[in-house]
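Asks: here's a sequence, model it:
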Amino acid sequence: MTDGTFLLSINGQLEWVDFLAPAGSEWHCKYEFIAGPDWNIISGLEAGITQIATIVRNGAKIIFNFPIEIVYKSTNPYGWPQIVVSVYNNTQIKGYGRAHMPIRPGCHDLRISLSRPQPSTFLGYIGTFFGYQPELLQPKMLATTAGNHLIRMISQGEVQLSLNILTQNFTTLGYDAGSTSPECNR
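Replies: Residues are numbered from 1 along each chain as shown. You can find the predicted model right below:
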């Protein structure tokens, strides 16, 4: 018998970023999980920042292999967890991405497309000319739909996540996520 709750365990890694990066540039990522009001974190980190990776050759993938681990407890699937990733070259934002966590238990490879805000005024374009880039004050706003249609974005690059999803008591509460994903070939 359960107390009407289920657990969702997400663990894996932020593997790499594919971006047209010049040799010698330094990159890092920030990530943050966003979930609905009924979701409580049992263990793990809600947000994190990777190590700095230096590019050796022009156009090479930026390898992080940064571990991610979080366990949630909830009574319903409303507000299913999402991850928001921010990619930086030194201190300058190069892209934001977001994705819902897979519902089906098993191994998953997620490729998250990145985009960055465009300047919206003439002064913004002049600032871009001098190296200032528009940034979101709260990147987690991308996980909601409130006001996102007002942001002009440019698509650029992608992030690869490899995740293992485990659920406990999900099917006993009457939810069906389908069959388990095939084994990971890692």
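Asks: isn't Asp38 up against Gly79?
Replies: Yes: Asp38 is within contact range of Gly79, at 6.3 Å (criterion: CB atoms under 8 Å). Where you see a C-beta, it was placed from the backbone N, CA and C, and this is true even at glycine.
Asks: how about Thr91, phi and psi?
Replies: Dihedral angles of Thr91 (phi, psi; degrees, to the nearest 10) stand at phi -110, psi 0.
Asks: show me what the nearest residue to Phe170 once chain neighbours are set aside is bridged to.
Replies: Nearest residue to Phe170 in three dimensions, chain neighbours excluded: Phe6, at 4.6 Å (CB to CB, 6 or more residues apart in numbering). Per DSSP bridges, the residues bridged to Phe6 are Ser74.
Asks: need the strands for this protein, in chain order.
Replies: 6-18, 26-34, 40-44, 47-49, 53-54, 62-74, 82-89, 92-100, 106-117, 153-168 (DSSP state E).
Asks: what distance separates the fourth one from the middle of the whole chain?
Replies: The offset between the C-alpha centroid of strand 47-49 and the centroid of the whole chain comes to 10 Å, using CA atoms, centre = their mean, to the nearest Å.
Asks: for the chain, name the helix or strand with the lowest mean pLDDT.
Replies: helix 122-129 (a mean of 65; mean pLDDT, DSSP states H and E).
Asks: for this structure, which spans come out with low pLDDT?
Replies: By pLDDT under 70, the low-scoring segments of the chain are 1-2, 122-132, 134, 137-141, 143, 145-152, 180-186.
Asks: mind redoing it with 80?
Replies: 1-2, 59, 118-154, 177-186 (pLDDT under 80).
Asks: any idea how many residues pack against the nearest residue to Phe19 once chain neighbours are set aside?
Replies: Among residues not flanking Phe19 along the chain, Gly157 sits closest, at 3.8 Å (CB to CB, 6+ apart). The local packing of Gly157 (other CB atoms under 10 Å) involves 19 other residues.
Asks: so how far is Gly24 from Gly157?
Replies: Distance, Gly157 to Gly24, using CB to CB, to the nearest Å: 18 Å.
Asks: the residue nearest to Phe19 touches Trp16, doesn't it?
Replies: No: between Gly157 and Trp16 there is no contact under CB under 8 Å: 10.5 Å.
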